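> Below: sequence and its predicted model.
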Amino acid sequence: MLDKKFKLSPEIIFRIKTDAEGTSGKAFDQDNDILHELSPEASEILSLIDGSRTVNDVIKVLCAKFDCDGDEISEDTVSFITQALKQNLIVESD
């Protein structure tokens, strides 16, 4: 999975907001009329999933941004991507 690239599903509208209270995000599934409230961590990950980066690239960006342990970031990122795939928030990029 670490070498795969993903992008938002075509039916998903994603918005991220960063303010004094932190980062939050929402992903709206237009086909199923479902609004997903995302944690700050999930919002950061989803904002980096653009079809051009591999999962490994996303992990590297997050590690550099938050100056933390790569193993923990890797586990959290793979876990989120697995869930996002199941919920059809993202699809594999060509």
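Great, that's in hand.
> Please compute how far the strand or helix carrying Ala42 lies from its chain's middle.
Using DSSP states H and E, Ala42 sits within helix 40-48. The chain centroid and the centroid of helix 40-48 are separated by 4 Å, computed with C-alpha atoms, centre = their mean, to the nearest Å.
> helices and strands around it, which ones?
Packing contacts for helix 40-48, counted by 3 or more C-beta pairs under 8 Å, 6 or more residues apart in numbering; DSSP states H and E, involve strand 12-19, strand 22-29, helix 55-66, helix 70-86. Heads up, the C-betas are built off the backbone N, CA and C, glycines and all.
> Contacts for the third one next, please.
The list of residues contacting helix 55-66 from outside it, by C-beta atoms under 8 Å, 6 or more residues apart in numbering, reads 1-6, 44-45, 48-49, 53, 69-70, 73-74, 77-78, 81.
> which parts of that helix are buried?
Neighbour-count burial for helix 55-66, counted by 16 or more other C-beta atoms under 10 Å, picks out Val55, Asp57, Val58, Ile59, Lys60, Val61, Leu62, Cys63.
> what pLDDT does the second one get?
Looking at Asp57, its pLDDT stands at 97.
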